[in-house]
Every structure is written in structure tokens, then in C-alpha cells.
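[1] Need a 3D model of the sequence below.
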Amino acid sequence: MRFLPVSHLKGNETLAVNIFSSNLQILVREGATLSPKMIHRLKQYGIRSVYVVDEKMSKILQGHVKDVIDTSVREKSAYNLKNSFERFHKQVNMQKNSLRYGDVGQLLFKQVKDISHDLIKEILTANDLQITMQDIKSLHDYQFKHAVNVAVLSLIIGAELNLKPDQLENLALGALLSDIGFNWIEKEIVLKEDKLNDLEMGEIQKHVASGYQYIKDNTTFNAHVKSIIMHHHERMNGMGYPMGLGENNIHDLAKIVMIADVYDALTSDRPHRKAYNQHEAIEYIMANAGTLFDFRYANIFTRKVTPYPVGSYVQLSNQQKGVVIENNKDHPLRPIVRTFGISSYTDQSSFQVNLLEETNIVIEKIIYTLH
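    Numbers count the residues shown, from 1 in each chain. Predicted coordinates for the structure are as follows:
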């Protein structure tokens, strides 16, 4: 299967992965033939990319795109997180912040802990922690799927670091709660399609301090979790927000979450821009390792994310087009590619190249057709 922007759908494609609504209902079922009406419906719901079946390439592909956690766990986690956040937001507002360690805070504590335990279990029992899938998010439920993705990506780094169970739990909890402050930001600003002005950007940045304050005043989450919420938009060179902290003053677990947060944000469709390709997001993190991001954590992360999933169409630097048929472990930018068409590199019309061995060839970009 292939990840394809909705704008590139022509009709008659077969959907490869279920698309869920924010209420955990199947919006379009796996195996459905996409009609113009369905494509229009996807656009209305704010979905800009989908996975489709690629029968033409299925015979030559040596692997399959597989999510590191079960899709149903991912969807259920986002759904439960949405309900928990909305209930917490409503109750805190009703009581004008007078609630301290009350029932709603206890309920949020329990529910988010349950979600974190499900995600940790999935990660620790996974056979391969290589990330190969981009999640399908709609513009309407971005916050909650983003939070789950950030937790999953953070836990993969944490597992590679052999963090202790309590550290993994703190990491997951902090990641899940990192953007809870958005519940107190005007939706018109959050969903604005044009570029934000300085005043609006200032409002967006307030989500960090407000999320920290609401969690601090109304729950019993520990200091590690609270620090992740407060520090996840800081940067190693002191150019982050809200406090402009430098490397030595940022919580270590927040240094992990900030990488996962940036990667998932870049590879997600947003109201004001289309998603970056995975390789573009990886290159951004690699380029800023040691300045914006912790070098060690960034290095681990960029070895675990596969920017060219099996089935991706690509254009090589020798001007050949091809399809990724296998990924080389720990070398995500150098997969094995089946190429098509004559180039200056070879006079063969069909050719398999292992980019880990052929270092003079690189992938220039992802494409959506071989014609």
C-alpha cells in the first residue's frame, strides 16, 4: 500500500486502512473503492492523506507497511484522551479553578495513566520498533491523535535508552498531556488556515503555561510529568518558549518529547500548510541535532523512523523513478529500491539498487506516480 495525498486521488482507488471519525466510528472502511463522492467527503472531514492498495507493485514488494502499535489501540487511545481532556476542561471551567485534587483531577489522572499503560505495553511487546507509518489525522481531531503519536514516538526513544518502567510512564504521561493547554485556546486561532500573526502566535504559546498550571492545580501528576508539559517547547540553544531555557535546565524527558512533538507536527496536515514528507522532517531534525535538539536523542530517533515506507514511489538522483521494496535497519535514508527506466547510471530498464551499497545515488524526493 501507499500513502497518498487526497489531492492526488483520481477515483476507483482501493482504501488500504480504515478511516475513523473522532467518535471512533469507521468513516470509510478498508477495502472500499473510493468514488468522487467519498473523496469529497474525506476533504470535508479535513483528511488530506490516505493509504491505498497498490496492486501493480504488490508482487515485487518484499515487506508491508506496519504500524508499530495496533491501529485499534492508537484510535482508542486518541478517543479516550479526547473525552478525558474535554471532561476535565468543562469541569475545571465550571468550578472556576476552585477545584483542587478533586474528582475531575483524579479521573483525568486515572484515565491518562490507563492510556499510557496501553501504549507502553504495545511498545515493549513490539517485534520491531521501526516507525514506518504516517498516521491519518483529520483537522478536527488533530490534538488528540498528535498527543498519542508523540507518546508513541517518545516511548520508542525511551525503549532504545532502556529507561526504567517509572521513567517510561512519566515519559508517556508527559507526552500525552503536553498540549492539554490547547483546550483553553480559542479554536478560531488553533484552526486558522492563514499564517498566524504575532498576537495569535503569542496566544498559541500560552498553551504551555496554562496546561502546566491546570495540571498543577487540579491533579496529582508528579514533578517529572509537569516539567515535560512546561519544557517541551524549549530548545537546547535557549531559543524555545516559554522561558527560553538552555540545555542544562531542560528536563531530560522533555528533550525526548520535543523531538517527537516536532516530527509529528511536521508530518501532519495543518490548517495553514500541508504535511512535510517524512524524509523532510527527518532531515530537519538531523540538521538541528545539537542546536535545537539533544544530539544523542535525535540520533536515536532518526535511526528508528523510516521516511520511505515499503511501497513509496521515489525519484533518485540518477533521474530514475522507482519503488521502495525493503528498508535497511538503522539506515532509514538508504533503502532498497526497484527502479524503472533508463538512466546515465545503467542501461537496464528494470534494476534493483541497494542505496546502502550504492552511496553515489540518493533519493531526491517522494513522487506519486511512475509515469
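
[2] Excluding covalently adjacent residues, which one is nearest to residue 30?
    Spatially, and ignoring its direct neighbours in sequence, residue 30 is nearest to residue 18 (4.8 Å; Cβ to Cβ, 6 or more residues apart in numbering). From N, CA and C alone the C-beta is placed, and that goes for glycine too.

[3] and the one you found, how many residues sit next to it?
    Residue 18 has 17 neighbours, counted by other Cβ atoms under 10 Å.

[4] which residues sit in contact with it?
    26, 28, 29, 30, 71 (Cβ atoms under 8 Å, 6 or more residues apart in numbering).

[5] what sits against residue 32?
    Here residue 32 is in contact with 14, 15, 38 (Cβ under 8 Å, 6+ apart).

[6] shouldn't the second one be in contact with residue 52?
    Put plainly, it is residue 15. Yes - the pair residue 15 and residue 52 qualifies as a contact (Cβ atoms under 8 Å) at a distance of 6.3 Å.

[7] Neighbour count for those two, which is higher?
    Regarding residue 15 and residue 52, a neighbour count based on other Cβ under 10 Å identifies residue 15 as having more, with 21 against 18.

[8] Distance check, the more buried one against residue 300.
    Note on residue 15: its distance to residue 300, by Cβ to Cβ, to the nearest Å, is 34 Å.

[9] buried subset of the contacts of residue 18?
    Using 16 or more other Cβ atoms under 10 Å as the burial test, these include 28, 71 as buried.

[10] what about residue 149, neighbour count?
    Neighbours of residue 149 (other Cβ under 10 Å): 26.

[11] Isn't residue 317 up against residue 365?
    No - between residue 317 and residue 365 there is no contact, the gap being 10.0 Å when judged by Cβ under 8 Å.

[12] Break this protein down into its domains, please.
    Structural domains annotated on the chain: 2-58, 71-304, 313-367, as defined by automatic domain parsing.

[13] I'd like the ones you listed as a markdown table, with mean pLDDT appended.
    Formatted as a markdown table, the domains of the chain follow (pLDDT from 0 to 100):
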| stretch | mean pLDDT |
| --- | --- |
| domain 2-58 | 84 |
| domain 71-304 | 90 |
| domain 313-367 | 82 |
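
[14] Tell me which of those domains sits most buried.
    domain 71-304 (a mean of 19; mean count of other Cβ atoms under 10 Å).

[15] Check whether the spatially most central residue of the chain sits in a helix, strand or coil.
    Centroid-nearest residue in the chain: residue 264, 3.0 Å away (criterion: Cα atoms, centre = their mean). Residue 264 falls in the helix class when you classify it by DSSP: H, G, I helix; E, B strand; the rest coil.
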